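>>> Fold the following, please.
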Amino acid sequence: MNVRRSAATLAVSAVLCVGAAPVALADVATPSPAPVIPSGLFGKNDPAYDGVWRQSFALLAQHTVGVKPAQQAVDWLVGQQCADGSFPAFRPDTAKACDASAFIDSNATSVAVQALAAVGGHAETVKKTVGWLKSVQNEDGGWSNNPGGAMDGGSDANSTALVIRALEAAGEKPAEVKSKAGKSPYEALLTFQLGCSAEPAADRGAFAFQPAGGKLSASADATAAVVLAGLGTGPVVSPSSSTDTPAAPLTCPATAGDPVAAAQGGAGYLADVLKKDGHLTAITAGADQPTPDTGNTADAVIALAAAGHKQSAAGALEWLKNNSAEWSKGNPAGLGTLILAAHATGTDPKAFGGTDLVAALNATGPAPQQEKPAAEKKQKESGGNNVWWMILAGAAAGMGIGIVLSGRRKKNQL
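Got it, this is the predicted structure:
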């Protein structure tokens, strides 16, 4: 679900281009101007690689906890859509049509669908976007993160999982969305799972992002994304009231073609990985050793909660409470993901390790629409009731006068 892969790829490309510049230019280089943050957008960092992504998660998180997003924020997201229904990672000038220079991002497009479907009122926008997603489905049934673009590397697990969740949010049946070759998204998705023959055995049930040299390598990021898609849900997971069970390893022999069974196998892998440190890790640029991966840890917590294994996520949830404050500071997508993790586990997002995540998220963007205070609502309702009582009383009085006059007329007639 985290799927910052497209943004990271673009960022790496930018760094490589800078690194290729002549050394002499470094001596005269001037600092890059501060990015202009569009009105209505959440966050203060450069939105070039994640504008639509972070906006979508902010709106989705606000809606989930009962906060009504600012209309300005929703309008900004709608305005990012291209004429064909797709969404770029960020569209700086909406007065210009999307062209070949725009990085059309199926990941950003998919979360935009989920956000707009949740807040409501944009059925036509959602319909148009779903039409575009269907039009760029690969023959294997899956999706890449940059369909038809210069960085289209073919179907990958993360992008395919996100599109599945977008289709579900839009009221579609993903299993019935077939490619020209007759393949469904689930058929593509299941090809990325490390099955019962995988070695080491601990990787069984995990999903890979893509095959590398014909080999699948376990990816916690991809696995967390696929678990939700396989279970038929998105990142908004209602806390379960049913009996919670520990996550179990992939059942072997695996049930062929069953996305739910595959998702449960993925949940077992995530639970096992989290046992080691209580969080996931990742190799970051310039680091010799793996460092904590806060975003994907939050994704794993949501996935495990969706699979009915909150107790398997309990340790990671506590780790997030104690270690996510600095990472999420001023980070709309990060704060939104933590709010969704809190929601999925029945945790109060307003008291998450001493942080009010909802207030922190609201502070990164346009102020949400204000609900009328309870006292004002009560007064209004009371006032409305008083008006009705006056009308009814007046009607009753009128009826009484009519009866008296009628009686008098009858008496006079006698």
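>>> got any ranges where the chain has weak pLDDT?
Residue ranges of the chain with pLDDT under 70: 1-32, 241-243, 371-414.
>>> Break down it into its strands, ranges please.
281-282, 291-292 (DSSP state E).
>>> Could you list the paired strands of the last one along with their orientation?
Applying DSSP bridges to the sheet, strand 291-292 is found paired with strand 281-282 (antiparallel).
>>> can you list contacts of the partner strand?
Outside strand 281-282, the residues within contact range by C-beta atoms under 8 Å, 6 or more residues apart in numbering are Pro290, Thr291, Pro292, Asp293, Asn296. Placement of C-beta: from N, CA and C, glycine included.
>>> same deal with stretch 158-167?
Residues outside stretch 158-167 that contact it (C-beta under 8 Å, 6+ apart): 1, 3, 5, 106-107, 109-111, 113-114, 129-130, 133, 137, 141-145, 173-174, 177, 185-186, 188-189, 192, 209, 221-222, 225-226, 228-230, 233-235.
>>> Just the buried subset of the residues you listed, written out for PyMOL, thanks.
Only the buried entries of the contacts of stretch 158-167 go into this PyMOL selection, using 16 or more other C-beta atoms under 10 Å:
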select buried, resi 1+3+5+106+107+109+110+111+113+114+129+130+133+137+141+142+143+144+145+174+177+185+186+188+189+192+209+221+222+225+226+228+229+230+233+234+235
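>>> Among the contacts of stretch 158-167, name the ones in helices.
5, 106-107, 109-111, 113-114, 129-130, 133, 185-186, 188-189, 221-222, 225-226, 228-230 (DSSP state H).
>>> Nearest residue to Asn146 in space, ignoring adjacent ones along the chain?
Asp152 (5.0 Å; C-beta to C-beta, 6 or more residues apart in numbering).
>>> contacting residues for the closest residue in space to Pro38 that isn't next to it in sequence?
Take Pro38 and drop its neighbours on the chain: the residue closest to it by C-beta to C-beta, 6+ apart is Trp76, 6.4 Å away. Listed by C-beta under 8 Å, 6+ apart, the contact partners of Trp76 are Pro38, Ser39, Gly40, Leu41, Gln55.
>>> Kindly recompute the last result at 7 Å.
With contact set as C-beta atoms under 7 Å, 6 or more residues apart in numbering, Trp76 has these partners: Pro38, Gly40, Leu41, Gln55.
>>> do the same with Gly257
Each residue near Gly257 by C-beta under 7 Å, 6+ apart is listed here: Leu190.
>>> And the helices in the stretch 1-150 of the chain?
Using DSSP state H, counting those that start in this stretch, the helices assigned to the stretch 1-150 of the chain run over residues 5-19, 23-28, 51-64, 71-79, 106-119, 123-135.
>>> out of the ones you listed, which comes closest to Ala271?
For those, the distance to Ala271 is smallest for helix 5-19, at 23.2 Å, taking C-beta to C-beta.
>>> out of the contacts of strand 281-282, which are buried?
By 16+ other C-beta under 10 Å, those give Pro292, Asp293, Asn296 as buried.
>>> can you put those in JSON lines and add distance to Thr284?
Output for those, formatted as JSON lines (distance: C-beta to C-beta, whole Å):
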{"residue": "Pro292", "distance to Thr284": "10"}
{"residue": "Asp293", "distance to Thr284": "9"}
{"residue": "Asn296", "distance to Thr284": "12"}
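>>> pretty sure Ala220 is touching Asn296, no?
Yes - Ala220 is within contact range of Asn296, at 5.6 Å (criterion: C-beta atoms under 7 Å).
>>> what sits in contact with each of the two?
Here Ala220 and Asn296 have Leu280 as joint contacts, going by C-beta under 7 Å, 6+ apart.
>>> before we move on, the earlier item: most neighbours, which of the contacts of Trp76?
Gln55 (31 neighbours; other C-beta atoms under 10 Å).
>>> how about that residue, what does it touch?
Per C-beta under 7 Å, 6+ apart, neighbours of Gln55: Leu41, Phe42, Ala73, Trp76, Leu77.
>>> ok, now how distant is it from Ala298?
18 Å (C-beta to C-beta, to the nearest Å).
>>> now Ile164
20 Å.
>>> among the strands of the chain, which is nearest Asp156?
strand 281-282 (17.1 Å).
>>> Centre of the chain to the closest one, how far?
The chain centroid and the centroid of strand 281-282 are separated by 21 Å under C-alpha atoms, centre = their mean, to the nearest Å.
>>> Over to stretch 247-262?
Worked out by C-alpha atoms, centre = their mean, stretch 247-262 lies 25 Å from the chain centre.
>>> what about that stretch, start to end distance?
One end of stretch 247-262 to the other measures 13 Å (C-alpha to C-alpha, to the nearest Å).
>>> Report the buried residues of it.
Counting neighbours by 16+ other C-beta under 10 Å, stretch 247-262 gives Ala247, Pro249, Leu250, Ala254, Pro259, Ala261, Ala262 as buried.
>>> wait, Gln137 sits on Lys178?
No - here Gln137 does not reach Lys178: they are 8.2 Å apart, not a contact under C-beta under 7 Å.
>>> so which of the helices of the stretch 1-150 of the chain gets nearest Leu274?
Closest to Leu274 of the helices of the stretch 1-150 of the chain, according to C-beta to C-beta: helix 5-19, at 21.0 Å.
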